[in-house]
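Trainee: Dropping the sequence and predicted coords here.
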Amino acid sequence: MTQTLGKLAEEAGGELQNADPDCEIIGVATLQHAAEGDISFLANARYRKYLKITRASAVILSPEDAATYPAAAIVSSNPYAVYARVAALVSPPAPVRQGIHNSASLDPECSVAASAWVGPHCVIEKGAVINAGVQMAAGCFIGADSVIGTDSRLSANVVICHAVTIGARVRIAAGAVIGSDGFGMANEAGRWLNVPQLGSVRIGNDVDIGANTTIDRGALEDTVLEEGVRLDNQIQVAHNVHIGAHTAIAGCVGISGSVRIGKYCMIGGGSGIVGHLEIADHVIITGMTMVTKSITRPGVYSSGVPAQENDAWNRNYARFRQLDKLARKVHSLERNFTAEKRQENK
Amino acid sequence: MTQTLGKLAEEAGGELQNADPDCEIIGVATLQHAAEGDISFLANARYRKYLKITRASAVILSPEDAATYPAAAIVSSNPYAVYARVAALVSPPAPVRQGIHNSASLDPECSVAASAWVGPHCVIEKGAVINAGVQMAAGCFIGADSVIGTDSRLSANVVICHAVTIGARVRIAAGAVIGSDGFGMANEAGRWLNVPQLGSVRIGNDVDIGANTTIDRGALEDTVLEEGVRLDNQIQVAHNVHIGAHTAIAGCVGISGSVRIGKYCMIGGGSGIVGHLEIADHVIITGMTMVTKSITRPGVYSSGVPAQENDAWNRNYARFRQLDKLARKVHSLERNFTAEKRQENK
Amino acid sequence: MTQTLGKLAEEAGGELQNADPDCEIIGVATLQHAAEGDISFLANARYRKYLKITRASAVILSPEDAATYPAAAIVSSNPYAVYARVAALVSPPAPVRQGIHNSASLDPECSVAASAWVGPHCVIEKGAVINAGVQMAAGCFIGADSVIGTDSRLSANVVICHAVTIGARVRIAAGAVIGSDGFGMANEAGRWLNVPQLGSVRIGNDVDIGANTTIDRGALEDTVLEEGVRLDNQIQVAHNVHIGAHTAIAGCVGISGSVRIGKYCMIGGGSGIVGHLEIADHVIITGMTMVTKSITRPGVYSSGVPAQENDAWNRNYARFRQLDKLARKVHSLERNFTAEKRQENK
């Protein structure tokens, strides 16, 4: 949607520099590939070199980068956030639809707001409530007594099991499963007895859930995601987990049962968290880390092991297998050496 | 469903203590949150402190905990197993349904038992057999010639490919895919040729399969899960894997092709097993471990690396990258030191 | 489908040895389990022992193995590739279907070739193009303006979001999601703003995508898989990733945003690649490795940590946590020892 630079700066929250406010912007693009009519941005230093060659009609820049930029810019201390708003203005999401596709299958005792859209082959069970403005693509399943909050968007083939509560403006990507039974079982003489999973899942407002991510229902109490949480694809959230507001979790993370994660945390892809731990607010966990103890202070935590050439790796790992022995040897050498020196000094 | 304490003790297999057998139980709850009419349990020492303050009308306890508990209890050497049964009695699963939803799409040559339920938008292909009591939620796909055993329950959007055999009382969570082609291919001058995957999948009785878990069909013979196996969410089971009875596998585990896992094993979340290995019975693998050799003896095996503060981690890891060098230095120091001493002692 | 040995050798590209070209082959089987009428193969040394006892009517062998094999064989320097073709001749895939199932839901402005098959409950949105010979099982969703190339096969419940381009002869297993929004967001005072994901996904010809694998659309430009790429199950491919031709990636791998992987690479299961890296052509990454820096040369790279017995692991890991200290101690010992020797030699 064509926008003027003036309107973009005003609505997205930046200052114009060297710019004609009436200049028309018709698209967004990277610095390298922008053409006339596009607006671009610089948020990652590795792309700074392209500032010199970009053909963008305007660029969103930090004050530092803007100071030496001779052409049209929108200046902000947070250029990436301004870009996010600009892009939404220039390329707005698909318009909302209303109504119920005639192939959808609705229990007579469910409730669907008139302004919601229920796509083809969706199924809504008894007692479920679909609030105003909800957009539900094809093949979604909403179990009995679940509630989908205002303006939430479900992509295709999302499964919401029974009695789950989803807040407002939540986005759930295709194939996600919310409210499946937790992995709870008692062992009796070697056999597993299923423990009924009687809690549910509560998702706060403005949460994003990635494709094929799974969030299990609680055993007795609820699994909870507070407002603003961001989950990437292929994440597993076990029963009774509690994730604090505005925490972001990258793909392929596994969070075991009853873990409590604080607010404003960031968890790198492929990490795992052992059951029943607590993670404080403002904790950053780097990729492929295994958390085995509660983390009580903000900070950065790691255990992901970076790759080496295989030969070097094998040599080092062979030593690791004997590391305890090696350490004992060092300590014994140290003792002997010190004893010797003492002897000499007598 | 309201039950008396007497009936619960009798059916779930515990002894009443300080209890009125006619006391009515209307719900289950945690020790902290139980109200009058609830029954609770203690199976994890970290919650023992709540025994003193619980308002539960009865608690399921081990004999040790019961010895000092002054109020109503059901006593058992396995309180968690008793709780599993009690919870199922107090909060029974949703009642079974019967029939075929009119939006389901059935091949004329499939067979569905009169007591089974086939939900909306399910698809059942030619030759498939749905046995008595099967409950199939919406959007499931049952490929040609597959068999679903008596009383098995499929959640929404489960995919069972062709010629797969599922036992009785199997539970399959939403989004699971069983019988997809294995990752088999031959390389010819850099290009990959698909190797036809001609085996299938056989799932024993009383198996549980988690949400979005995938189990590939065998290349020539079958991928097999023996009875009572428990798989959590987001697990990948490759072609020709064989998993022994009553083995439990936590979320996000990847099992490579032709692995053979014994009975009564437990595999922690995020672990991976290299192809063609054998794992003995009664093996425990802790979380995020990589198994690269067959394990021939019962026991506990690990390689998951616990998190540290990032600074400490980086320092230690930098040393790890030089560990072979460090070990050589230690051995050389030791040789020199010993030589020196020998010299001195001459 | 019954085939003669002569025809199999001719079409699959091997030389007959000790064989009657008119011998009829009715099935394929492993060496151990083959019966008369079956053809088998030897491609993995660990199964060589079964050559002596096999009852197969013919075996596909390398020249080395064939040299001492006294019975009927097809000889090739690449027996596994020949087997792949033989198996496809003996057990051809299910015949293609044509038409549109009456329960499918098609936008009036989509285009479906007459020779394509659209299964039950599939949904095809406005502007989507389904080319000749495409086979689409039940419950698939094809978003607006997406294109599915000639003879591609989608298993059940596959989701292709809007404006995605899929090449010819691509196979997509059940539950895969292609073109979901990337995990792009800007932080503003602790809250996450979604960055519109305006790129798409382009999949080349002859690509295979595994069950429940997810491939996100690009933020501004496209996520690209070149021809012949092989992806196993449960893989996460983030936005703007580029995967070179004929690269194969095993299950549960996570690839972060803007990673560029070369051609002819092989990536082991459970590995992870940090964002914005470049991986050269012909790189092999072993299982459960974390790649944190670009790899500029072909070769084998590793960081997956093999399992040990838990006691040994714990002892070694305890030393690892102090590895920097240990290294300092070794260096100090070395300095003191050298100083001492210098002293003595004065």
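Mentor: Cool, the structure landed. Keep in mind that this is a model prediction, so the values were computed, not measured.
Trainee: next one: phi and psi at A:Gln197?
Mentor: Backbone torsions of A:Gln197, given as degrees, to the nearest 10, read phi -100, psi 100.
Trainee: which residues touch it?
Mentor: Applying CB atoms under 8 Å, 6 or more residues apart in numbering or on different chains, we find A:Gln197 in contact with A:Asp181, A:Gly182, A:Gly184, A:Asp216, A:Arg217, A:Gly218, A:Ala219, A:His239. Heads up, the C-betas are built off the backbone N, CA and C, glycines and all.
Trainee: do the same with A:Ile53
Mentor: Counting by CB under 8 Å, 6+ apart, A:Ile53 makes contact with A:Leu31, A:Gln32.
Trainee: So, low pLDDT: which residues of chain A?
Mentor: Within chain A, the stretches with pLDDT under 70 are A:346.
Trainee: Which parts of it belong to which domain?
Mentor: According to automatic domain parsing, chain A comprises the domains A:3-90, A:99-301, A:311-345.
Trainee: Need the winner for burial among the ones you listed.
Mentor: Comparing these by mean neighbour count (mean count of other CB atoms under 10 Å in any protein chain shown), domain A:99-301 comes out on top with a mean of 23.
Trainee: chain center to that one, what's the gap?
Mentor: 12 Å (CA atoms, centre = their mean, to the nearest Å).
Trainee: my read: A:Thr286 touches A:Gly268, true?
Mentor: Yes: A:Thr286 is within contact range of A:Gly268, at 4.7 Å (criterion: CB atoms under 8 Å).
Trainee: Identify the contacts common to these two.
Mentor: Residues touching both A:Thr286 and A:Gly268 (CB under 8 Å, 6+ apart) are A:Gly304.
Trainee: circling back to that earlier point, would you mind telling me which of the domains of chain A is nearest C:Gly143?
Mentor: Nearest to C:Gly143, of all those, is domain A:99-301, at 7.8 Å by CB to CB.
Trainee: Would you mind measuring the gap between the ends of that closest one?
Mentor: Start and end residues of domain A:99-301 are separated by 48 Å (CA to CA, to the nearest Å).
Trainee: try stretch A:121-137
Mentor: One end of stretch A:121-137 sits 9 Å from the other (CA to CA).
Trainee: same thing with stretch A:141-149?
Mentor: End-to-end distance of stretch A:141-149 (CA to CA): 15 Å.
Trainee: And chain B, is that stretch touching that?
Mentor: Yes: against chain B, stretch A:141-149 shows contacts by CB under 8 Å from any CB of the partner chain at A:Phe141, A:Gly143, A:Ala144.
Trainee: again, but for stretch A:327-344
Mentor: Yes: using CB under 8 Å from any CB, stretch A:327-344 reaches chain B at A:Lys329, A:Val330, A:Leu333, A:Asn336, A:Phe337, A:Glu340.
Trainee: Arrange these in TSV, one row each, with distance to chain C and secondary structure as further columns.
Mentor: Below are the residues of stretch A:327-344 next to chain B laid out as TSV (distance: CB to the nearest CB, whole Å; DSSP: H, G, I helix; E, B strand; the rest coil):
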residue	distance to chain C	secondary structure
A:Lys329	10	helix
A:Val330	6	helix
A:Leu333	6	helix
A:Asn336	10	helix
A:Phe337	6	helix
A:Glu340	9	helix
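Trainee: Enumerate the beta-bridge partners assigned to the closest residue to A:Ile25 other than its chain neighbours.
Mentor: Using CB to CB, 6 or more residues apart in numbering or on different chains and skipping residues adjacent in sequence, the residue nearest A:Ile25 is A:Ile39, 4.8 Å away. When assigned by DSSP bridges, A:Ile39 has beta-bridge partners A:Val28, A:Ala58.
Trainee: what's A:Ile39 in contact with, if anything?
Mentor: Applying CB under 8 Å, 6+ apart, the residues near A:Ile39 are A:5, A:8, A:25, A:27-29, A:56-60, A:74, A:86, A:90.
Trainee: Same question for A:Gly13.
Mentor: Taking CB under 8 Å, 6+ apart, we find A:Gly13 in contact with A:Ser76, A:Ala81, A:Val82, A:Arg85.
Trainee: now do A:Ala29
Mentor: Going by CB under 8 Å, 6+ apart, A:Ala29 touches A:Ala35, A:Asp38, A:Ile39, A:Ser40, A:Ala56, C:Leu220.
Trainee: Between the residues you listed, which sits nearest B:Ile235?
Mentor: The closest of those to B:Ile235 turns out to be C:Leu220 (CB to CB; 34.7 Å).
Trainee: Surely the closest one is in contact with A:Gly27?
Mentor: No: the criterion here is CB under 8 Å, and C:Leu220 misses it with A:Gly27 at 9.6 Å.
Trainee: which residues in chain A form helices?
Mentor: Using DSSP state H, the helices of chain A run over A:5-12, A:63-67, A:79-90, A:310-320, A:323-345.
Trainee: Show me what the third one is in contact with.
Mentor: Outside of helix A:79-90, the residues within contact range by CB under 8 Å, 6+ apart are A:1, A:3, A:7-8, A:11-14, A:25-28, A:39, A:41-43, A:60-62, A:65, A:74, A:76, C:185-188, C:193-196, C:198.
Trainee: and what of the first one?
Mentor: Here helix A:5-12 makes contact (CB under 8 Å, 6+ apart) with A:15-16, A:19-25, A:39, A:57-58, A:72, A:74, A:76, A:82-83, A:85-86, A:89-90.
Trainee: send the alpha carbons of it over as CSV?
Mentor: Taking Å, rounded to 0.1, in the frame of the first residue of the first chain, the C-alpha atoms of helix A:5-12 are listed here in CSV:
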residue,chain,number,x,y,z
LEU,A,5,7.6,9.2,3.8
GLY,A,6,6.0,11.8,6.1
LYS,A,7,3.2,9.5,7.1
LEU,A,8,5.5,6.6,7.7
ALA,A,9,7.8,8.6,9.9
GLU,A,10,4.8,9.9,11.8
GLU,A,11,3.1,6.6,12.3
ALA,A,12,6.2,4.5,12.9
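Trainee: A:His276 is in contact with A:Val259, correct?
Mentor: Yes: the pair A:Val259 / A:His276 is scored as a contact, 6.9 Å apart, by CB under 8 Å.
Trainee: and stretch A:240-259, is it in reach of chain C?
Mentor: Yes: judged by CB under 8 Å from any CB, stretch A:240-259 and chain C are in contact via A:His246, A:Ala248, A:Ala250, A:Gly251, A:Cys252.
Trainee: Show me what from the stretch 151-300 of chain A comes close to chain C.
Mentor: Where the stretch 151-300 of chain A comes near chain C, counting by CB under 8 Å from any CB, the residues are A:155-157, A:171, A:173-175, A:208, A:210-212, A:228, A:230, A:232-234, A:246, A:248, A:250-252, A:264, A:269-270, A:287-288.
Trainee: Filter those residues to keep only those in contact with chain B.
Mentor: Taking CB under 8 Å from any CB as the test, chain B is in contact with A:Asn157, A:Gly175, A:Asn212, A:Gln234, A:Cys252, A:Gly270 out of those.
Trainee: Now do the contacts for A:Gln308.
Mentor: By CB under 8 Å, 6+ apart, the contact list for A:Gln308 reads A:Asn316, B:Arg321, C:Tyr301, C:Ser302, C:Ser303.
Trainee: separation between the first one and B:Ser302?
Mentor: Computed with CB to CB, to the nearest Å, the distance linking A:Asn316 and B:Ser302 is 18 Å.
Trainee: which one of the contacts of A:Gln308 sits closest to A:Ile100?
Mentor: For those, the residue nearest A:Ile100 by CB to CB is C:Ser303; the value is 51.6 Å.
Trainee: on that earlier part again, now, the contacts of A:Gln308 that are in strands?
Mentor: Those of the contacts of A:Gln308 mapping onto strands are C:Tyr301, C:Ser302, per DSSP state E.
Trainee: can you put the contacts of A:Gln308 in JSON lines and add distance to A:Ala137?
Mentor: JSON lines is the format used below for the contacts of A:Gln308 (distance: CB to CB, whole Å):
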{"residue": "A:Asn316", "distance to A:Ala137": "49"}
{"residue": "B:Arg321", "distance to A:Ala137": "48"}
{"residue": "C:Tyr301", "distance to A:Ala137": "40"}
{"residue": "C:Ser302", "distance to A:Ala137": "41"}
{"residue": "C:Ser303", "distance to A:Ala137": "39"}
